[in-house]
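Engineer: Quick one: sequence and predicted model below, then my questions.
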Amino acid sequence: MMRIIPGILIVSLGMLFLAPACHSGNGKEGQEVADTLALVGVGDSVQMAMLNERLKQDPGDHGALNERAMLYLNNGHMNEALRDISNALNLQPDKPDYLLTLSDIYLGLSQPQKTRETLLKVLGLEEQNTNAMLKLAELSLYYRDYEGVQSYARRALQVDPGLPQAYFILGFMSKEQGDTSAAIRYF
């Protein structure tokens with residue numbers, strides 16, 4: 001019972017916060033906000049409302065566009081995510097974090113070649129970007145390109161020897177190749 005009350009309180013406060021946002025301004029703008037909020041879950045709707053407000057105040061806030069793109073991505077709305085990240089990249093075309101978001105969207109849209117190209121662009125901008133290296137290692141694992149897996153995972157480990165995800169990827173690759181003892185070592 002005690003756990004339910006804080007949850008109800010949070011949802012109620014969120015709805016109080018969202019209600020004015022959905023009905024402020026002209027009808028068209030209010031409907032756009034309501035439509036945007038309908039795309040995400042209750043837990044994300046407060047964050048979405050805050051991002052919408054930031055973008056209403058400053059449409060050129062590329063950070064807010066990236067955050068909203070990630071929120072759309074996490075809720076499975078790829079077209080909206082792609083729209084927002086494209087707008088953010090128009091404002092900041094060589095921002096590695098935005099390109100990483102774009103690569104995740106491409107992956108969600110089942111476009112692995114564009115995913116790979118985008119990740120390689122990130123590495124062209126930041127040679128030491130372990131996130132891009134690990135994503136390329138995972139993509140290589142998916143295609144059973146074991147040389148690529150080893151190359152990108154080991155490269156990431158050279159930058160940061162304590163990356164658990166790199167060891168996991170190498171372990172999974174070893175398991176797929178039938179080398180159980182190597183897989184155990186990596187895991």
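Structural biologist: Thanks, I have the structure now. Numbers count the residues shown, from 1 in each chain.
Engineer: confidence score at S45?
Structural biologist: Looking at S45, its pLDDT reads 79.
Engineer: and the helix or strand encompassing it, how far out from the chain's middle?
Structural biologist: Following DSSP states H and E, one finds S45 within helix 42-57. Centroid displacement of helix 42-57 relative to its chain, using CA atoms, centre = their mean, to the nearest Å, is 17 Å.
Engineer: list the buried ones in that helix?
Structural biologist: If you call a residue buried by 16 or more other CB atoms under 10 Å, then helix 42-57 has these buried ones: 44-46, 48-49, 51-52, 54-56. For glycine as for every other residue, the C-beta is placed from the backbone atoms N, C-alpha and C.
Engineer: So for stretch 155-164, first residue to last residue, what's the gap.
Structural biologist: With CA to CA, to the nearest Å as the measure, stretch 155-164 spans 14 Å from end to end.
Engineer: quick one: which of the buried residues of helix 42-57 is nearest N87?
Structural biologist: L55 (9.5 Å; CB to CB).
Engineer: Tell me how far that closest one lies from T180.
Structural biologist: 51 Å (CB to CB, to the nearest Å).
Engineer: can you list the weak-confidence ranges in this protein?
Structural biologist: 1-43 (pLDDT under 70).
Engineer: can you pull out the helices in it?
Structural biologist: 4-23, 27-38, 42-57, 62-74, 78-91, 96-108, 112-125, 130-142, 146-159, 164-176, 180-186 (DSSP state H).
Engineer: For the helix holding S45, enumerate the helices and strands it packs against.
Structural biologist: With contacts taken as 3 or more CB pairs under 8 Å, 6 or more residues apart in numbering; DSSP states H and E, helix 42-57 sits against helix 4-23, helix 27-38, helix 62-74.
Engineer: orientation of it relative to helix 78-91 in degrees?
Structural biologist: Counting by axes from the mean of the first three to the mean of the last three CA atoms, to 10 degrees, helix 42-57 lies at 40 degrees to helix 78-91.
Engineer: by how many degrees do helix 42-57 and helix 62-74 diverge?
Structural biologist: With the same axes, to 10 degrees applied, the angle from helix 42-57 to helix 62-74 works out at 150 degrees.
Engineer: Keeping just the C-alphas, turn helix 42-57 into PDB.
Structural biologist: Extracted in PDB, the C-alpha atoms of helix 42-57 (Å, rounded to 0.1, in the frame of the first residue of the first chain):
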ATOM      1  CA  VAL A  42       3.600   7.500 -18.400                       C
ATOM      2  CA  GLY A  43       7.100   7.400 -16.900                       C
ATOM      3  CA  ASP A  44       8.600   9.200 -19.900                       C
ATOM      4  CA  SER A  45       5.800  11.700 -20.400                       C
ATOM      5  CA  VAL A  46       7.100  14.200 -17.800                       C
ATOM      6  CA  GLN A  47      10.600  14.100 -19.400                       C
ATOM      7  CA  MET A  48       9.000  14.500 -22.800                       C
ATOM      8  CA  ALA A  49       6.900  17.500 -21.600                       C
ATOM      9  CA  MET A  50      10.100  19.100 -20.200                       C
ATOM     10  CA  LEU A  51      11.900  18.500 -23.500                       C
ATOM     11  CA  ASN A  52       9.000  19.900 -25.500                       C
ATOM     12  CA  GLU A  53       9.000  23.000 -23.300                       C
ATOM     13  CA  ARG A  54      12.700  23.500 -23.800                       C
ATOM     14  CA  LEU A  55      12.300  23.200 -27.600                       C
ATOM     15  CA  LYS A  56       9.300  25.600 -27.500                       C
ATOM     16  CA  GLN A  57      11.500  28.100 -25.800                       C
END
